[in-house]
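S.K.: sequence and predicted structure are below.
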Amino acid sequence: MQEAPLKPPSNPPTPGLQGFVEDWSSDQRAFKKVSWGKAMMWIFLLSDTFVFGCFLVAYMIARSSTVTEWPNASEVFALHIGGVELPLILIAIMTFVLITSSGTMAMAVNCAYSRARKPTALLMLLTAALGAGFVGMQVFEWSKLIHEGVRPWGNPFGAEQFGASFFMITGFHGTHVSIGVIFLLIVARKVWKGEFDRDERTWMCSGKGDYEAVEIMGLYWHFVDLVWVFIFAFFYLW
Amino acid sequence: MSQSEDHEEHQQHPLKVYFVCWILLFVLSAGSYFVDYVQLQGLLRWSLILIFMMLKAGLIVAVFMHMAWERLALSYAVVLPPIAILMFMVIMMFESDYTALTRMEEFSP
């Protein structure tokens, strides 16, 4: 592998607040030193933030304006394991699985920038497996609640809006995780086949050794984890 | 047009940063689960949940998503707009209080 010759930057962008003002008022591009792919992923994630933000605000409205008691999440999501009632245990395991997958994704991104082809692909596969495990546990949780009679229009535990909020918010998040798993598998396959090491230009790769697609994939995956942090706090712990 | 502005920076950082962040996320998650497990109630519960939540979110965005190393132009474009959601939340808090009040007036026996 040959290092690209280091050219002295002829006109480095100014750091700090001054640089921020210069970037936003500059010609042609506001996000300097960031590829279009990464900038667009951030813009997409920002729009997704608004989608989830609106869901959580809607949940807050439903919960604070209902006159019947809201179901106690700590009891609804409890599991009997070995004769002991453990509150929220499945949700806690799901949280740890998702954080672990975020960690392996960060490792994958790090390996990608060392252009270590196989470790990157394997770490992405591990991330996808953990994500699939998360979705599996969510399926278990959904079927358990449906079995207990939770429906979008009512449930045996309390306020009727509970079911609608729960299925809407966790369903949308689960969809994001599932799409993430599919995308992880696609990018991991490309990495494994060495498509980012070829001297050709594709929509994911601008040339030999351009592994940025892995980092962009990572942004999406960490965002899924980020959303779960808020769902965990507001829906399960509140 | 200078070359340097078009050159994209790669985000490579020492592994230690990620491991420390990872461990902190585990500890914070365990902390928020612990809040529920010992059934803390009242102000202590809400403040601990919110503090753990914000710390976790901050760590993920800053370290895992590399926001701490991006230029301010991108950080501000992403971090500032969600303030609108906070405003929306505050407005709807008043609105839902009012709805709850009218429901209690009209429907309570």
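M.R.: The structure has been received and is ready for your questions.
S.K.: rest of the way, CA atoms for contacts and neighbours
M.R.: OK.
S.K.: so residue B:29 is in contact with residue A:97, correct?
M.R.: No: in this structure, residue B:29 is not within contact of residue A:97 by Cα atoms under 8 Å, at 11.2 Å.
S.K.: between the two, who's got more neighbours?
M.R.: Each of residue B:29 and residue A:97 had its neighbours counted (other Cα atoms under 10 Å in any protein chain shown), and the higher figure belongs to residue B:29 (23 against 18).
S.K.: I'd like the next helix or strand past the helix or strand that one falls within.
M.R.: Secondary-structure assignment from DSSP states H and E places residue B:29 in helix B:15-37. Tracing the chain C-terminally past helix B:15-37 and defining elements by DSSP H and E, one meets helix B:42-59 next.
S.K.: and that next one, what does it pack against?
M.R.: Under the contact definition 3 or more Cα pairs under 8 Å, 6 or more residues apart in numbering or on different chains; DSSP states H and E, helix B:42-59 sits against helix A:212-231, helix B:15-37.
S.K.: quick check: mean pLDDT across the first one?
M.R.: Spelled out, that is helix A:212-231. The predicted model gives helix A:212-231 an average pLDDT of 94.
S.K.: contacts for that helix?
M.R.: Judged by Cα atoms under 8 Å, 6 or more residues apart in numbering or on different chains, the contacts made with helix A:212-231 from elsewhere in the structure are A:37-38, A:41-42, A:45, A:52, A:56, A:95, A:98-99, A:102, A:105-106, A:108-109, A:112-113, A:169-170, A:173, A:176-177, A:180, A:183-184, A:187, A:204-205, B:53, B:56-57, B:60-61, B:64-65.
S.K.: hmm, 6 Å instead?
M.R.: Where contact means Cα atoms under 6 Å, 6 or more residues apart in numbering or on different chains, the residues beyond helix A:212-231 that reach it are A:38, A:102, A:109, A:204, B:57, B:65.
S.K.: then the last one?
M.R.: The set of residues external to helix B:15-37 that reach it, using Cα under 6 Å, 6+ apart, is B:49, B:52, B:56.
S.K.: what angle separates it from helix B:42-59?
M.R.: 160 degrees (axes from the mean of the first three to the mean of the last three Cα atoms, to 10 degrees).
S.K.: before I go, just wanted to say thanks for your time.
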